[in-house]
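Participant: Structure for this input, please:
(2 chains)
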There are 2 protein chains.
Amino acid sequence: MSISMHSASVPIFTTMLGNLSKWLDKAEAYAAERKFDPVVLLGTRLAPDMLPFTRQVQIACDGPKFCVARLAGVDAPKFEDNEATIAELKARIAKTIAYVNSIPAAQIDGTEAKDITIPRREGSHVMQGEPYLKHFVLPNLFFHVTTAYALLRHNGVPLGKGDYLGLGS
Amino acid sequence: MSISMHSASVPIFTTMLGNLSKWLDKAEAYAAERKFDPVVLLGTRLAPDMLPFTRQVQIACDGPKFCVARLAGVDAPKFEDNEATIAELKARIAKTIAYVNSIPAAQIDGTEAKDITIPRREGSHVMQGEPYLKHFVLPNLFFHVTTAYALLRHNGVPLGKGDYLGLGS
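Facilitator: Okay, the predicted model is just below:
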């Protein structure tokens, strides 16, 4: 079976978002064990001019959501960016995974050369489907999940490479 | 043109490694401006039990190197892991990019179902080419480049999303 736009995107999205959700469980357990409010973790940043943990999770969800919508040519559902607890962030991830899985593979396959318009602050940017996936969506997704992971590790949450990859768990 | 094992791997590898090399230039310029020895950055860690910057860069190189070698069925060149300066890390990245680009696309394409053996501490692990690329190589590559980026940002090096993605530069 040959690699396709769907097989090169959705399984990576759902695996990494599923892993991220499990890191949140470990973060909550760590906070309980150390007796601090887990909400403290949601505001942490690696640098004062980087986005806090909550935004890293929200944006990690938005990338896959917009990717499948744009490739398939449908409107993405709007999420409110109002999550204030770990449980709410987990719900955000769950609804993103459900949405991403709801788009039939056939609507995503064959979009390698489709023009995708990305709205940006400085005006929209057009990329073909394949470079959009490889050089925009995937790097951004991994940027935000890895930054979320790094924030948890930096703050003591016990996670390892097995948690990151989600292999064998 | 349809997405292939080569097009889903090598362009991502070379783009992200090329971006990483440019972050090193910015790290060196920042150290000069602030008058500290840039070697200090190479030992920084986000947590005491995470690997230091130098290892993040070395491992970011090894993933793509071993990926193309294993998919193509050839022996990967051995790198000594003895880099001690930013210039040496940049040379490591450059020789990795050159190696990755030296393998003909035809030797990588069509390896979706090829059994790939990954040596691990707890014994070797076998994955087919496509899941190996999507669920092992790409997440690991992005883990290490993003952790390197996070370490530089955490230590004040002025980098932004444009540097991370390498778009428009």
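Participant: so who does A:Asn101 touch?
Facilitator: Contacts of A:Asn101 were listed using CB atoms under 8 Å, 6 or more residues apart in numbering or on different chains, and they are A:Val10, A:Thr14. (Each C-beta comes from the backbone N, C-alpha and C, glycine too.)
Participant: Check the offset of the helix or strand where it lies from the chain's centre.
Facilitator: If you go by DSSP states H and E, A:Asn101 is part of helix A:86-102. With CA atoms, centre = their mean, to the nearest Å as the basis, helix A:86-102 stands 10 Å off its chain's centre.
Participant: swap in stretch A:70-88?
Facilitator: Relative to the centre of its chain, stretch A:70-88 is centred 11 Å away, using CA atoms, centre = their mean.
Participant: what residues does chain A put near chain B?
Facilitator: Proximity of chain A to chain B (CB under 8 Å from any CB of the partner chain) is limited to residues A:1-5, A:7-8, A:11-12, A:15-16, A:46-47, A:50, A:112-113, A:130, A:134-136, A:138-140, A:142-143, A:146-147, A:149-150, A:153-154, A:156, A:161, A:164-167.
Participant: Which of those fall within helices?
Facilitator: Among those, the members falling in helices (DSSP state H) are A:11-12, A:15-16, A:130, A:138-140, A:142-143, A:146-147, A:149-150, A:153-154, A:161, A:164-165.
Participant: Write a ChimeraX command that selects only the buried members of these.
Facilitator: Command for ChimeraX that selects the buried part of those, burial taken from 16 or more other CB atoms under 10 Å in any protein chain shown:
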select /A:12,15,16,130,138,139,140,142,143,146,147,149,150,153,154,164,165
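Participant: if we can go back for a sec, and the helix or strand following the helix holding A:Asn101, C-alpha only, in PDB?
Facilitator: Elements were assigned by DSSP H and E; along the chain past helix A:86-102, the next helix or strand is helix A:105-108. Coordinates of the C-alpha atoms in helix A:105-108 are reproduced here as PDB (Å, rounded to 0.1, in the frame of the first residue of the first chain):
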ATOM      1  CA  ALA A 105      -9.700   9.500   3.700                       C
ATOM      2  CA  ALA A 106     -11.000   9.800   0.200                       C
ATOM      3  CA  GLN A 107     -11.600  13.500   0.700                       C
ATOM      4  CA  ILE A 108      -8.000  14.000   1.800                       C
END
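Participant: Now the element after helix A:105-108, going C-ward?
Facilitator: Helices and strands here follow DSSP H and E; after helix A:105-108, the next one along the chain is strand A:115-118.
Participant: Need the mean per-residue confidence for that next one.
Facilitator: In this model, strand A:115-118 has an average pLDDT of 96.
Participant: again, but for stretch A:33-41
Facilitator: This predicted structure assigns stretch A:33-41 an average pLDDT of 98.
Participant: Let me know the outermost residue of chain A.
Facilitator: With distances taken as CA atoms, centre = their mean, the residue sitting farthest from the centre of chain A turns out to be A:Lys35, at 28.1 Å.
Participant: Now the phi/psi pair for that one, please.
Facilitator: The phi and psi values for A:Lys35, taken as degrees, to the nearest 10, are phi 60, psi 50.
Participant: Would you mind stating the distance between it and A:Phe53?
Facilitator: 19 Å (CB to CB, to the nearest Å).
Participant: tell me how far stretch A:13-20 is from the chain's mean position?
Facilitator: Average the C-alpha atoms of stretch A:13-20, do the same for its chain, and the two points are 7 Å apart (CA atoms, centre = their mean).
Participant: what do you get for stretch A:159-169?
Facilitator: Remark: stretch A:159-169 is offset 16 Å from the chain centroid, using CA atoms, centre = their mean.
Participant: got the buried residues for that stretch?
Facilitator: Quick answer for stretch A:159-169 (16+ other CB under 10 Å): A:Leu159, A:Asp163, A:Tyr164, A:Leu165, A:Gly166, A:Leu167.
Participant: got it, and stretch A:105-120?
Facilitator: Applying a neighbour-count criterion of 16+ other CB under 10 Å, one finds A:Gln107, A:Ile108, A:Asp109, A:Thr111, A:Glu112, A:Lys114, A:Ile116 buried in stretch A:105-120.
Participant: which one is the residue of chain A found nearest chain B nearest to, not counting chain neighbours?
Facilitator: Of all residues in chain A, the one sitting closest to chain B is A:Phe142 (3.3 Å; CB to the nearest CB). Residue nearest to A:Phe142 in three dimensions, not counting chain neighbours: B:Phe142, with 3.3 Å by CB to CB, 6 or more residues apart in numbering or on different chains.
Participant: Just the CA coordinates for stretch A:11-18, please, in PDB.
Facilitator: The C-alpha coordinates for stretch A:11-18 follow below in PDB (Å, rounded to 0.1, in the frame of the first residue of the first chain):
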ATOM      1  CA  PRO A  11      -2.500   8.800  11.800                       C
ATOM      2  CA  ILE A  12       0.400  11.100  13.000                       C
ATOM      3  CA  PHE A  13      -2.100  13.700  14.200                       C
ATOM      4  CA  THR A  14      -4.200  11.300  16.200                       C
ATOM      5  CA  THR A  15      -1.200   9.500  17.600                       C
ATOM      6  CA  MET A  16       0.500  12.600  18.900                       C
ATOM      7  CA  LEU A  17      -2.700  14.200  20.200                       C
ATOM      8  CA  GLY A  18      -3.500  11.000  22.000                       C
END
